[in-house]
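**Q** sequence first, then the predicted structure, then my questions.
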Amino acid sequence: MSEEQIKNLEEQFEARIARDEKIEPKDWMPEKYRQTHIRQISQHAHSEIVGMLPEGNWITRAPSLRRKVALLAKVQDEAGHGLYLYSACETLGISRDELYEQLHSGKAKYSSIFNYPTVTWADMGAIGWLVDGAAIINQVPLCNTSFGPYARAMVRVCKEESFHQRQGYEIMLKLCQGAPEQKEMAQDALNRWWWPSLMMFGPTDAESTHTEQSMKWKLKRKTNDELRQQFIDQTVPQAEILGLTIPDPDLKWNEERGSYDFGEINWDEFWQVVKGHGPMNKERMKARVGAWERGEWVRDAAMAHAEKQQERKEKQAV
Amino acid sequence: MKHNLYRYILGIADNSLILGQRLGELCGHGPNLETDIACTNMSLDLLGQVRSYYQYAAKIKGEGASEDSIAFLRKEREYYNVLLVEQPNTDFGYTMARQFLFDVYHLLFLTELQKSSDLTLSAIATKSIKEVSYHQRFSSDWIKRLGDGTEESNTRIQTAINDLWTYTDELFYLTDADKAMVEEGIGVDVATLKDAYYKTVSEVLEEARIEIPESKYFQKGGKQGIHTEHMGYLLADMQYMQRAYPNMEW
């Protein structure tokens, strides 16, 4: 293909996106579009899978049968999200094994929030309320993103995430209406999860790369700082209903902006965790790689059995 | 009658609780996403059944009992599950072997329990049968895959079956409560399920190229509340919150 032809295709491609048409896997797309989507969708899928670990940590210890069942179902939903996000990613011409390899080798990233430990039951509430809450704000705009399989996956993901968020908030509410020890547990969880949740929106706009291109491809509709502000404005009143205090002495309603002003995020901590040195980075990877390695003989057996079955079938046919 | 019925329900439900708890340990750690989701599904099915049984048991017991007080606040000696279901997730082979050896029994049992003169139990059985027939299909398929797959998988699943075989006979043992409930037309005479059980199990094992263990030495005790050493740890984990924070709502 000549350079001019490619340029022509690219122009048509960008025009389709501008008209809000969906790009489907078999459509022509610029290589950069393909690579960017593989990166973002797989990162999202990995986050779902690694995200199963901190909550999975409390399944055996959930305090009631109802909570145990709800938590199991929630973590299972995350596995389901991982599954269809990996599938969406595979339509771009990369295999699931390759994607796992990128995760296990540390080449691919996942959401840093999952590198924090879940140390009390209240963390199940805080994660649902704050982490899923932040995820929804990040993800709702993606229901209209330009790549069809990703957009469709996100519609379902967002529906389930909003259920999870309500479930998390309800855990917090129950704790806050309970004994003083329970309310203390809830406050402690908020104290530990608040700042990492704000970091989920990524670096400030001044520091953020890729934004312009992502906006054009509708991978992003608002900037990191806009989304973060939206999260804070939405969450502060919810904390008030719970009777909990947001751990930020600088948090203050700004009448003029119609938004909350808030304190400085500890960006050193953010980068430390992103670079692999958070409290649980090594543990999370060890758990993922361990499960994968322990499962190797099982996957090999399934493959070998399927091949043998096929051979038997072919023999019979002859 | 009331005491026996209560004990009888626990004898059924504790199996599902403990197996559901064991499967729950695996969530997020499966050999691939599909099996991870499937094992969680089975755990969810079993725990759903548990809730129905315990809610019924709580009503019978009265005295402020609830599904949670029954699930979380008994002493180890007061859990009546069979030893089979409390065995650990040593590897995926043991998990599937345990599942399979229980599922075959569970399905036969529920099929009979449907005929119980106790309408609540018969309704729970009818509701659970669909789920459990899926469990049996799932675990049988895996037994066949692992048995037929590679040399390593065949060795591993054979080892698991050999080790867990010793716990199968207990499934057909009747406690005093069981006997009383059979007489009432409420309970299932599990001794009558034995032949059908070993027949189905043997058929699947043969198809899977797994040798049927010849051992005639069996272990039992769970139905009397005497468990293996694994049980205490499982309960310590499961009861942690209710023990550390008594009398609170969650």
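**A** Yep, that arrived.
**Q** what parts of the stretch 101-250 of chain A come near chain B?
**A** Selection of the stretch 101-250 of chain A residues close to chain B by CB under 8 Å from any CB of the partner chain yields A:121, A:171, A:174-175, A:178-179, A:181-182. Using the backbone N, CA and C atoms, a C-beta is placed for each residue, glycine as well.
**Q** so which of those residues comes closest to residue A:44?
**A** residue A:171 (24.6 Å; CB to CB).
**Q** which other helices and strands does whichever helix or strand the closest one is part of contact?
**A** Using DSSP states H and E, residue A:171 falls within helix A:148-176. With contacts defined as 3 or more CB pairs under 8 Å, 6 or more residues apart in numbering or on different chains; DSSP states H and E, the packing partners of helix A:148-176 are helix A:65-90, helix A:122-126, helix A:132-139, helix A:180-199, helix A:224-242.
**Q** could I get the ones you listed as TSV with mean pLDDT and mean neighbour count?
**A** Written out in TSV, the entries for these read as follows (pLDDT from 0 to 100; neighbours: other CB atoms under 10 Å in any protein chain shown):
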stretch	mean pLDDT	mean neighbour count
helix A:65-90	97	22
helix A:122-126	98	27
helix A:132-139	96	22
helix A:180-199	98	20
helix A:224-242	97	17
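**Q** now tabulate those helices in a markdown table and tack on distance to residue A:312.
**A** Shown next, in a markdown table, are the helices and strands packed on helix A:148-176 (distance: least, CB to CB, whole Å):
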| stretch | distance to residue A:312 |
| --- | --- |
| helix A:65-90 | 29 |
| helix A:122-126 | 48 |
| helix A:132-139 | 46 |
| helix A:180-199 | 53 |
| helix A:224-242 | 55 |
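**Q** figure out which of the ones you listed is closest to residue B:197.
**A** Each of the helices and strands packed on helix A:148-176 has some distance to residue B:197 by CB to CB; the shortest is helix A:65-90, at 28.6 Å.
**Q** quick one: the closest one to helix A:148-176, angle?
**A** 160 degrees (axes from the mean of the first three to the mean of the last three CA atoms, to 10 degrees).
**Q** and helix A:65-90, does that touch chain B?
**A** Yes - with CB under 8 Å from any CB as the criterion, chain B is reached by helix A:65-90 at A:65-69, A:72-73, A:75-76, A:79-80, A:82-83, A:86.
**Q** and the angle for that helix with helix A:132-139?
**A** Here helix A:65-90 points in a direction 20 degrees away from that of helix A:132-139 (the same axes, to 10 degrees).
**Q** what's the distance between residue A:190 and residue A:242?
**A** Separation of residue A:190 from residue A:242 (CB to CB, to the nearest Å): 8 Å.
**Q** same thing with residue B:11?
**A** With distances defined as CB to CB, the gap from residue B:11 to residue A:242 amounts to 42 Å.
**Q** now residue A:234
**A** 14 Å.
**Q** the residue most distant from the middle of chain A, which is it?
**A** Taking CA atoms, centre = their mean, the residue of chain A most remote from its mean C-alpha position is residue A:318, at 50.0 Å.
**Q** can you name the residues that contact that one?
**A** Applying CB atoms under 8 Å, 6 or more residues apart in numbering or on different chains, we find residue A:318 in contact with no residue.
**Q** go on, residue A:106?
**A** Listed by CB under 8 Å, 6+ apart, the contact set of residue A:106 reads A:276, A:285.
**Q** got phi/psi on it?
**A** When read as degrees, to the nearest 10, the backbone of residue A:106 gives phi 90, psi 0.
**Q** looking at it now. What's its pLDDT?
**A** Looking at residue A:106, its pLDDT is 94.
**Q** now swap in residue A:60 and tell me
**A** Per-residue pLDDT puts residue A:60 at 98.
**Q** name the SS class of it, please.
**A** At residue A:60, secondary structure determined by DSSP: H, G, I helix; E, B strand; the rest coil is coil.
**Q** could you do the one 3 residues further on as well?
**A** Three-state secondary structure (criterion: three-state DSSP) places residue A:63 in coil.
**Q** from residue B:233, how far out is it?
**A** Residue A:63 sits 18 Å away from residue B:233, going by CB to CB.
**Q** now do residue A:302
**A** Using CB to CB, residue A:302 is found at 31 Å from residue B:233.
**Q** and if you look at residue A:114?
**A** Per CB to CB, residue A:114 is found 27 Å from residue B:233.
**Q** in space, what's closest to residue A:101 - neighbours in sequence excluded?
**A** Excluding the flanking residues, the one nearest residue A:101 by CB to CB, 6 or more residues apart in numbering or on different chains is residue A:107, at 8.0 Å.
**Q** burial count for the residue of the stretch 151-300 of chain A found nearest chain B?
**A** In the stretch 151-300 of chain A, the residue found nearest to chain B is residue A:295; the distance is 2.5 Å by CB to the nearest CB. With neighbours defined by other CB atoms under 10 Å in any protein chain shown, the count for residue A:295 comes to 19.
**Q** by contact count, what packs against the helix or strand of chain A with the lowest mean pLDDT?
**A** Of all regular secondary-structure elements in chain A, judged by mean pLDDT, DSSP states H and E, the least confident is helix A:211-216 with a mean of 82. When contacts are defined as 3+ CB pairs under 8 Å, 6+ apart, helix A:211-216 packs onto helix A:31-56.
**Q** which of the residues of the stretch 101-250 of chain A next to chain B are buried?
**A** Neighbour counting by 16 or more other CB atoms under 10 Å in any protein chain shown classes A:121, A:171, A:174-175, A:178, A:182 among these as buried.
**Q** ok, how many other residues are close to residue B:233?
**A** The criterion is other CB under 10 Å. On that basis, residue B:233 has 11 neighbouring residues.
**Q** which residues sit in contact with it?
**A** Counting by CB under 8 Å, 6+ apart, residue B:233 makes contact with nothing.
**Q** can you give me the helices for chain B?
**A** Using DSSP state H, the helices of chain B run over B:2-25, B:33-61, B:67-72, B:83-86, B:92-113, B:119-148, B:151-165, B:176-183, B:194-207, B:230-244.
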